[in-house]
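1. sequence first, then the predicted structure, then my questions.
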Amino acid sequence: MSVADPLQELESLLEKLDTWNHQYYVLDQPTVPDSEYDRAMQRLVALETEHPQWLRADSPSQRVGGQPLIQFGQVTHDVPMLSLDNAFNDQDMQNFNRRLLDRLAQFAAPLEFACEPKLDGIAVSLLYRDGVLQRGATRGDGATGEDITQNVRTIRSIPLRLRGNGYPEVLEVRGEIYMPKAGFDWLNNKARQRGEKVFVNPRNAAAGSLRQLDPRVTAERPLEMCCYSVGLMEGESLPDRQAPMLERLQSWGFRINSESAVVQGIDACNDYYQSLFERRDSLPYDIDGIVFKVNEFKLQEQLGFVSRAPRWAIARKFPAQEEMTRLLDVEFQVGRTGVITPVARLEPVFVGGVTVSNATLHNRDEVDRLDVRIGDTVIVRRAGDVIPQVVSVVTEQRLPRFPRVTFPKHCPICQSAVEREEGEAALRCMGGLICAAQQKAAIKHFASRRALNVEGLGDKLVEQLVEEGLVASVAELYTLSEERLLSLDRMGQKSADNLLAALQDSKQTTLPRFIFALGIREVGEATALSLARHFGSWAALATASDRQLLEVDDVGPIVADHLRQFFDSLSSLEVVKLLCEAGVNWPDIECLPPQSQPLAGQTWVVTGKLEMLGRDDAKAHLQALGAKVAGTVSVKTTCVVAGPGAGSKLAKAEALGTEVIDEQALLALLRAEGIKV
């Protein structure tokens with residue numbers, strides 16, 4: 001580009017930055033590194049500074065530039081932003097369908113429906129004139145909202161200027177501004193590090209971010225916007241159906257939800273609901289239901305509105321993930337490594353599809369942050385398989401007599417001293433294996449499926465064995481006799497024989513499983529595998545120096561210190577000795593340099609249901625071949641193994657052009673590398 005033609009250079013930079021921004025924030029398909037984007041932005045700012053007469057309102061340099069407001073202005077919506085009626089079950093949906101068909105008497109069923117995830121965020125209106133963003137507003141009461149133009153301009157998935165052509169002179173786009181789960185976690189972690197208040201959930205975080213009077217604060221928040229409809233429009237016509245209308249909006253630069261679909265008939269709507277409900281927790285954002293709309297606009301017009309809601313749409317809600325209940329008491333549980341966890345005993349409440357009566361309070365820092373008292377009304381959150389947790393307190397309902405939570409000075413199980421180690425949030429019982437709670441937890445971990453996989457040794461039986469004094473350590477499992485087992489309540493001959501056979505089978509294991517089964521602090525499956533592959537034998541690992549331990553992938557100073565404490569402990573080594581004398585054994589493995597492994601340097605992701613292998617086994621086999629197995633898909637992902645039910649991870653892989661294979665292809669790969677599956 002000629003230096004003598006700065007205007008042409010500026011126009012070129014505007015086009016490039018707009019394209020790169022759209023690829024990154026809307027399509028999730030970045031094409032240039034951040035450094036290249038930053039250099040182009042710096043050059044654009046320099047040109048605009050030298051030639052202020054060329055500065056445009058839709059320049060990417062103007063996403064954050066306004067001064068803080070004193071208050072938000074009011075916006076009257078030209079076309080009201082209506083609410084939706086709700087459905088909660090299949091019968092509600094059937095009633096909705098019946099009402100539609102009654103009003104469309106001449107229409108031949110089944111109706112065509114547009115199905116869209118109901119994002120749990122903040123509804124907004126974006127007004128464009130001649131393709132340039134003029135105003136952003138909240139829904140408010142449907143008729144009047146707040147002017148949040150400066151804030152929406154900071155959200156990079158919202159185009160400042162529409163892309164392509166053929167858009168109306170005046171176009172009002174409606175959608176949901178939300179905070180993805182990963183962004184929510186990042187924001188709260190950042191707040192904790194600063195000692196600031198954390199947000200309760202992504203919706204609250206999005207709402208709080210949008211209502212900042214200083215747009216520079218909003219710009220730092222990881223917000224996104226997904227559009228779902230059009231309000232006011234002048235100058236052009238749109239397609240005659242909802243789904244192609246969304247596609248048109250996408251062509252103009254807006255993000256639309258990749259999970260959206262079109263189905264025939266209300267039964268298909270219910271199937272869509274069930275399918276997405278099952279994948280709800282794997283999505284990268286929160287949704288609280290599905291919106292179903294009659295797809296054809298002409299039929300929508302015939303159906304019209306009732307009160308403040310359209311007749312042609314309905315929101316089928318998911319079971320609530322948050323509910324209010326009362327905190328009855330706080331008890332303290334002792335874990336495998338002695339960590340003492342406060343557990344909230346709650347007045348039972350139905351949340352997330354199940355009745356919850358217990359929830360975690362994590363640690364003393366969390367209790368102090370919440371300032372929770374016995375008797376408080378609290379908000380409990382449960383998402384999928386996540387352990388229910390208390391996320392906030394309704395202090396307005398607190399009475400002066402409610403007592404604070406008092407943490408124990410001695411272990412509630414063995415009465416040993418309780419300490420809080422430097423740099424840790426958790427209190428820890430120092431009793432070690434004299435503590436029955438730690439004994440139970442260690443044995444449960446040792447016998448678990450991912451460790452030595454002792455079938456039939458469930459939690460209740462472990463507790464019974466410890467409480468009856470039959471077992472005090474994992475090594476004593478192998479001293480159990482038929483006579484001792486039959487002395488237990490509800491233990492029959494067949495159950496005793498099966499358990500003894502399972503214990504015998506568990507003696508033949510692998511080095512990674514054995515390391516993991518010992519329950520060394522901070523040594524999970526991946527680290528145990530790395531240790532086994534690096535040292536090849538137990539003897540080499542047990543005699544390794546600190547320097548040698550730190551050479552292992554996944555091992556840093558903290559993990560190395562925990563390993564050293566284990567190997568310096570005479571009682572720990574005695575347990576290993578007794579296990580070996582009882583017959584527990586494993587073959588040594590060949591120590592391969594990392595670069596010689598076939599998948600070394602590659603990052604894989606496993607998602608969906610694998611029918612033959614299971615995701616855990618697939619992950620272990622891939623790691624054995626040198627791959628890193630990640631939980632999220634990114635531009636660094638080499639390959640995604642997708643089984644039935646794969647959701648957002650599969651969608652992102654396809655959007656990024658990442659290689660995707662099914663379980664059969666993975667099995668073929670493993671067999672080709674000599675792994676028996």
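-> Right, received. Where do you want to start?

2. contacts only, for the residue most central in space within the chain.
-> Closest residue to the average C-alpha location of the chain: Lys181 at 5.4 Å, with Cα atoms, centre = their mean. Residues near Lys181 by Cβ atoms under 8 Å, 6 or more residues apart in numbering: 202, 284-286. (C-beta placed from N, C-alpha, C; glycine too.)

3. would you list those residues in CSV and tack on pLDDT?
-> Output for the contacts of Lys181, formatted as CSV (pLDDT from 0 to 100):
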residue, pLDDT
Pro202, 86
Pro284, 86
Tyr285, 89
Asp286, 87
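
4. can you redo those residues as CSV with neighbour count?
-> Below are the contacts of Lys181 laid out as CSV (neighbours: other Cβ atoms under 10 Å):
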residue, neighbour count
Pro202, 24
Pro284, 16
Tyr285, 21
Asp286, 24
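
5. can you pick out the most distant pair from those residues?
-> Pro202 and Pro284 (10.5 Å; Cβ to Cβ).

6. joint contacts of the two?
-> With Cβ under 8 Å, 6+ apart as the test, Pro202 and Pro284 both reach 180-181.

7. distance of Leu101 from Glu296?
-> Distance, Leu101 to Glu296, using Cβ to Cβ, to the nearest Å: 14 Å.

8. wait, doesn't Ala582 sit right on Thr479?
-> Yes - if you go by Cβ atoms under 8 Å, Ala582 and Thr479 touch, sitting 7.4 Å apart.

9. and stretch 409-417, average pLDDT?
-> Per-residue pLDDT over stretch 409-417 has a mean of 90.

10. CA atoms only: put it into CSV for me.
-> Taking C-alpha atoms only, stretch 409-417 is exported to CSV below (Å, rounded to 0.1, in the frame of the first residue of the first chain):
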residue,chain,number,x,y,z
LYS,A,409,-11.0,-26.9,65.6
HIS,A,410,-10.7,-30.7,65.7
CYS,A,411,-11.7,-33.3,63.2
PRO,A,412,-15.4,-34.3,63.6
ILE,A,413,-14.5,-37.9,63.0
CYS,A,414,-11.2,-38.7,64.9
GLN,A,415,-10.8,-35.5,66.9
SER,A,416,-7.3,-34.9,65.5
ALA,A,417,-6.0,-31.3,65.0
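
11. ok, and for it, which residues are buried?
-> By neighbour count with 16 or more other Cβ atoms under 10 Å, stretch 409-417 contains the buried residues 411, 413-414, 416.

12. and the two most separated of the residues you listed?
-> The largest separation in the buried residues of stretch 409-417, counting by Cβ to Cβ, is between Ile413 and Ser416 at 8.5 Å.

13. now do the shared contacts for those two.
-> 429, 431, 435.

14. and the end-to-end length of stretch 509-526?
-> 17 Å (Cα to Cα, to the nearest Å).

15. gap between it and the chain center?
-> Put simply, stretch 509-526 sits 26 Å off its chain's centre (Cα atoms, centre = their mean, to the nearest Å).

16. and the contacts of Lys181, which of them are in helices?
-> Using DSSP state H, Pro202 are the members of the contacts of Lys181 that sit in helices.

17. from Gln8, how far off is Gly175?
-> According to Cβ to Cβ, Gly175 stands 35 Å off from Gln8.

18. those two: which is more packed in?
-> Under the criterion of other Cβ atoms under 10 Å, the comparison of Gly175 against Gln8 puts Gly175 first, with 25 against 11.

19. doesn't Phe254 make contact with the more buried one?
-> Yes - look at Gly175 against Phe254 with Cβ under 8 Å: they come within range, at 7.3 Å.

20. need the overlap of contacts for these two.
-> Contacts common to Gly175 and Phe254, judged by Cβ under 8 Å, 6+ apart, are 225, 227.

21. which phi and psi does Gly131 have?
-> phi 80, psi 0 (degrees, to the nearest 10).

22. excluding its backbone neighbours, what's nearest it?
-> Nearest-residue entry for Gly131: Leu162, 4.0 Å, with adjacent residues in sequence omitted and distances by Cβ to Cβ, 6 or more residues apart in numbering.

23. any idea how far the one you found lies from His22?
-> For Leu162 relative to His22 (Cβ to Cβ), the value is 11 Å.

24. alpha carbons of the worst-scoring helix or strand of the chain on mean pLDDT, in PDB - could you do that?
-> Least confident helix or strand of the chain, by mean pLDDT, DSSP states H and E, is helix 34-50 with a mean of 75. Output of helix 34-50 as PDB, limited to C-alpha atoms (Å, rounded to 0.1, in the frame of the first residue of the first chain):
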ATOM      1  CA  ASP A  34      -3.900 -11.800  17.400                       C
ATOM      2  CA  SER A  35      -0.600 -10.000  16.700                       C
ATOM      3  CA  GLU A  36      -1.600  -9.300  13.100                       C
ATOM      4  CA  TYR A  37      -5.000  -8.000  14.200                       C
ATOM      5  CA  ASP A  38      -3.300  -5.800  16.800                       C
ATOM      6  CA  ARG A  39      -0.800  -4.400  14.300                       C
ATOM      7  CA  ALA A  40      -3.700  -3.500  11.900                       C
ATOM      8  CA  MET A  41      -5.700  -1.900  14.700                       C
ATOM      9  CA  GLN A  42      -2.700   0.200  15.800                       C
ATOM     10  CA  ARG A  43      -2.100   1.400  12.300                       C
ATOM     11  CA  LEU A  44      -5.800   2.300  11.900                       C
ATOM     12  CA  VAL A  45      -5.800   4.300  15.100                       C
ATOM     13  CA  ALA A  46      -2.700   6.100  14.000                       C
ATOM     14  CA  LEU A  47      -4.300   7.100  10.600                       C
ATOM     15  CA  GLU A  48      -7.500   8.200  12.400                       C
ATOM     16  CA  THR A  49      -5.500  10.300  14.800                       C
ATOM     17  CA  GLU A  50      -3.600  11.900  11.900                       C
END
